[in-house]
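K.L.:
Just need the structure, nothing else, for what follows:
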Amino acid sequence: MKRIAAALAALLLFGGVKFQMEQAIDQAHRNAYFRGAHLNLSLREQIGQGAFLAALSGFRGVIADILSLEANEAWQNTQWSRVIMLYNQITTLAPRMVLHWEMAANYMAFDASVSVLEDPRQPRQALRVKASREYIQVGRDFLERGIRNNPDRHALYSRLGFLLMEKLKDHQGAYEAYTQASKFPDALGYEERFAAYELSKCPGKEAQAYALLVEIYRRGKREQTPTLLHRIRALEEKLNISSEQRVYIPAGTPP
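P.N.:
Next up, the predicted model:
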């Protein structure tokens, strides 16, 4: 009886310690934003049992790197559906690797969208345009999912801003994305300026954009880029700002 009681006590003690460890691991995963990516049976079917077991054993990053080589080969062969499939696997295995989300978005929104738009095998322009837009949206989806898994990284917000600006001409969305990127301690200097540029293209937001551009201008010469000066002058004309209230811009500044 003493042995049974001792065994039960040991099991209870082990169970308590195990429960605390599992809670700590679960909280660590939550803190690292791993809840957006799960190793499930669907992934097992896609990458194979061996790779799946390796991922479960702690080699997620290694498997993701191997798959990224396959994705690069698929990209070179313009196998766009395969690129999507592989990067869905890669980002599930390594959701905190920002580069994978960026590469997936770039391949889809910029490379694939242009490739299908210029595809000589599709004689109908409407279908080419439709396919191009769909790939742009796929690229956007990768970035938005990447942000959900990495809300503490500025790079994906910046990349989303660029995609919205260049590919979708969504100036309000680009302004919001660049603004989010500019709030991070490691933000790049141009991101706040780009946010202001995009805001200046939003109907009805010209006065707000002008105030932001002037604020940036007054920080010093480092911020006074030709594009910023050009946007300020254009908005002063559009808003009919009097000459006395206008920002001083040296003569001969290129537009």
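K.L.:
Helix, strand, or coil at R219?
P.N.:
Secondary structure for R219, judged by DSSP: H, G, I helix; E, B strand; the rest coil, is coil.
K.L.:
quick one, phi psi at it?
P.N.:
The phi and psi values for R219, taken as degrees, to the nearest 10, are phi -80, psi -10.
K.L.:
Next one: it from L228, what distance?
P.N.:
For R219, the distance to L228 (CB to CB, to the nearest Å) stands at 10 Å. For glycine as for every other residue, the C-beta is placed from the backbone atoms N, C-alpha and C.
K.L.:
And S158, by the same measure?
P.N.:
To L228, S158 is 18 Å away according to CB to CB.
K.L.:
So for those two, which sits in the more crowded spot?
P.N.:
Using other CB atoms under 10 Å as the criterion, S158 and L228 rank with S158 on top: 24 against 18.
K.L.:
where are the low-confidence patches of this structure?
P.N.:
Applying pLDDT under 70 to the chain flags residues 1-59, 248, 250-255.
K.L.:
again, only this time at 50
P.N.:
4-5, 7-19, 21-26, 28-30, 32-45, 47-57 (pLDDT under 50).
K.L.:
all helices of it, in order?
P.N.:
2-31, 41-47, 49-54, 60-76, 80-93, 98-106, 113-117, 125-149, 155-166, 171-182, 189-200, 206-217, 226-238 (DSSP state H).
K.L.:
Quick one: these as a markdown table, columns for distance to Q245 too.
P.N.:
Listed next are the helices of the chain as a markdown table, based on distance: least, CB to CB, whole Å:
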| stretch | distance to Q245 |
| --- | --- |
| helix 2-31 | 49 |
| helix 41-47 | 60 |
| helix 49-54 | 65 |
| helix 60-76 | 52 |
| helix 80-93 | 50 |
| helix 98-106 | 42 |
| helix 113-117 | 44 |
| helix 125-149 | 39 |
| helix 155-166 | 29 |
| helix 171-182 | 24 |
| helix 189-200 | 18 |
| helix 206-217 | 10 |
| helix 226-238 | 8 |
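K.L.:
just so I know, which of these lies nearest I249?
P.N.:
Nearest of those to I249, taken as CB to CB: helix 226-238 at 5.2 Å.
K.L.:
Please list the residues outside the closest one that contact it.
P.N.:
Applying CB atoms under 8 Å, 6 or more residues apart in numbering, the contact partners of helix 226-238 are 193, 196-197, 200, 206, 209-210, 213-214, 216-217, 241, 246-247, 249, 253-255.
K.L.:
Kindly report the same for stretch 127-136.
P.N.:
Contacts of stretch 127-136 with the rest of the structure, by CB under 8 Å, 6+ apart, involve 80, 108-109, 112-114, 116-119, 122, 163, 167-168.
K.L.:
Just the buried ones from those residues?
P.N.:
80, 108-109, 112-113, 116-117, 163, 167 (16 or more other CB atoms under 10 Å).
K.L.:
got these as a markdown table, with distance to L143 columns?
P.N.:
Formatted as a markdown table, the buried ones among the contacts of stretch 127-136 follow (distance: CB to CB, whole Å):
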| residue | distance to L143 |
| --- | --- |
| W80 | 17 |
| M108 | 10 |
| A109 | 8 |
| A112 | 14 |
| S113 | 14 |
| V116 | 19 |
| L117 | 20 |
| L163 | 6 |
| K167 | 11 |
